[in-house]
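Trainee: Below are the sequence and a predicted model; questions follow.
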Amino acid sequence: MNASATLAVAAPVPAKTGASSAQIATMIEQARAAQRTLLAGGQQSLDTAAQAVAWAIMEPNRNRALAELAVADTGLGNVPDKIRKNHRKTLGLMRDLHGVPTTGVISRDPARGLVEIARPVGVVAAITPSTNPAATPANKIINALKCGNAVIVAPSPKGHSTCARLLEYAHAQLDRCGLPAALVQMLPAPVDKQATAELMRQADLVVATGSQSNVRMAYQSGTPAFGVGAGNVAAIVDASADLRLAAQRIARSKMFDNATSCSSENSVVIEDAVYARMLDELAAAGGALLDAAGKAALQRAMWQEGKLSHAMTARDAATLATRAGLHAIAARQPGFLMAEEDGYGPDHPFSGEKLSPVLAVYRARDFAHAADIVDRIYAYMGAGHSVGLHTATPERAESLARDLPVARVIVNQSHCFATGGNFDNGLPFSLSMGCGTWGRNNFSDNLNYRHYLNITRVAHPIEERVPELDDVLGDFFERYGQ
């Protein structure tokens, strides 16, 4: 070749981008057609679709495969706990849905002349996180199908392969029942913000769990949306509590799935009278209390340039200690790490959500001071979510419910198991917890099937009942006159 000849250069391969607006429109059209097929079968068809997806994730071999894939691809959590989560959360959801009417007439009130008719919302855009890449999509899909909707999932990029495997299993089960696969779809890889935003725009309802940026995007999409607030749960241990039992409950919750749950305790606030004893019980339950130097080393490793490091989230405590250079602590194989704290806000990062088996420990003078500490923590992060209380004085729970910016007060329970519903409390099973206006959400319930329904009300005439003026204003007149 002549030295002056121009070398042929291969044209650069353009980077693959997410689904286009036209592709998403096609998916929506397919979803609507599948939804019409689903609705034609009535309540039995809706129940069958929900059961099919439940069995897709709960069958033991599939459950294990999903759990293993989730941990392998995201690096978050651990396989045994994800297996348990996939099973129990789905089993609990199916218990909540069993026998519940979700189409046609669901209520008649002759005295008020009202008939309520359940109607689907349409095509649901389900935005799901990497922390629970199988359990959360399954929960949303089952709720959507039970209410006669179709659903398109926008998984986190890390959770895409797990979600794809879940949909593969779901489609096989739906096919067994003669139901169309297009009832359950997902955005193709790569899932980017543009495609997710476009799905939100074209869908009929958005249910968003995950990062606060995704939640804000859901609320700004122009489509009706349910989004959840930030987690940063605190638990109070008062002087009357059974300390050993409280420590065991907190430890189970803090260690479960390496604290991937938004409901895992991030702080514990202990009354002064039992502070030392409670620390001993937490140590006996698997906790390792760091000294000042250890706390500083862990802080440097966990927060870099003001941001929580992905390399330090949802890993086991020994790994965290090793990465922070705390080799003596790591050698003890602790279940979780504890750091004493007395401040709040960005200058005290342990006061925020850590998504790891790390527990900030606060010392309170008394119960009123403990509640004030929690209030200050939530003023920084976590307002609206929930608070734990370990006590032998259960009436204190109602004072917290009246005074703190929380949607749930969890009494004498392992928080991460209880907040999203459990078999020993009455909350709906869910992996998405509304945080009310405190958390910039439009609902304060556990996201459940009711949020996937429209209700049409038929109003018949009844006998007129007009109250006398004194019936409704009499007490006002007595106090202030007319």
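Mentor: Right, received. Where do you want to start?
Trainee: what about the residue nearest to E353 when sequence neighbours are not counted, how many neighbours?
Mentor: The spatially closest residue to E353, leaving aside those adjacent along the chain, is N232, at 4.2 Å (Cβ to Cβ, 6 or more residues apart in numbering). In this view, the C-beta of every residue, glycine as well, is placed from N, C-alpha and C. N232: 23 surrounding residues under other Cβ atoms under 10 Å.
Trainee: cool, and A331?
Mentor: As a burial measure, the neighbour count of A331 was computed by other Cβ under 10 Å and equals 11.
Trainee: Make 856 the first number, not 1, from now on.
Mentor: Will do, 856 is the new start, and the previous item becomes A1186.
Trainee: pretty sure the residue nearest to E1208 is in a helix, no?
Mentor: No - counting by DSSP: H, G, I helix; E, B strand; the rest coil, N1087 is located in no helix; its state is coil.
Trainee: List the contacts of it.
Mentor: For N1087, the set of contacting residues under the criterion of Cβ atoms under 8 Å, 6 or more residues apart in numbering consists of 1121-1122, 1207-1208, 1232-1233, 1235-1237, 1240.
Trainee: Please repeat the previous calculation with a cut-off of 10 Å.
Mentor: Taking Cβ atoms under 10 Å, 6 or more residues apart in numbering, we find N1087 in contact with 1117, 1119-1122, 1206-1210, 1215, 1232-1233, 1235-1238, 1240.
Trainee: Just those residues: which are in helices?
Mentor: Secondary structure assignment by DSSP state H places 1232-1233, 1235 of the contacts of N1087 in helices.
Trainee: Could you identify which of those has the most neighbours?
Mentor: Going by other Cβ under 10 Å, I1232 tops those with 26 neighbours.
Trainee: hang on, that one packs against S1122?
Mentor: Yes - between I1232 and S1122 a contact is recorded at 5.9 Å, counting by Cβ atoms under 10 Å.
Trainee: what is in contact with the two at once?
Mentor: Taking Cβ under 10 Å, 6+ apart as the contact criterion, the residues that touch both I1232 and S1122 are 1087-1089, 1196, 1199, 1206-1207, 1215, 1217, 1242.
Trainee: and the residues you listed as JSON lines, adding pLDDT and distance to A1226?
Mentor: Listed next are the shared contacts of I1232 and S1122 as JSON lines, based on pLDDT from 0 to 100; distance: Cβ to Cβ, whole Å:
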{"residue": "N1087", "pLDDT": "96", "distance to A1226": "16"}
{"residue": "V1088", "pLDDT": "97", "distance to A1226": "15"}
{"residue": "A1089", "pLDDT": "98", "distance to A1226": "10"}
{"residue": "E1196", "pLDDT": "98", "distance to A1226": "17"}
{"residue": "Y1199", "pLDDT": "97", "distance to A1226": "14"}
{"residue": "S1206", "pLDDT": "98", "distance to A1226": "16"}
{"residue": "G1207", "pLDDT": "96", "distance to A1226": "19"}
{"residue": "A1215", "pLDDT": "98", "distance to A1226": "16"}
{"residue": "Y1217", "pLDDT": "98", "distance to A1226": "12"}
{"residue": "V1242", "pLDDT": "98", "distance to A1226": "9"}
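Trainee: Out of the residues you listed, who's the most crowded?
Mentor: With neighbours taken as other Cβ under 10 Å, the top of the shared contacts of I1232 and S1122 is V1242, carrying 30 neighbours.
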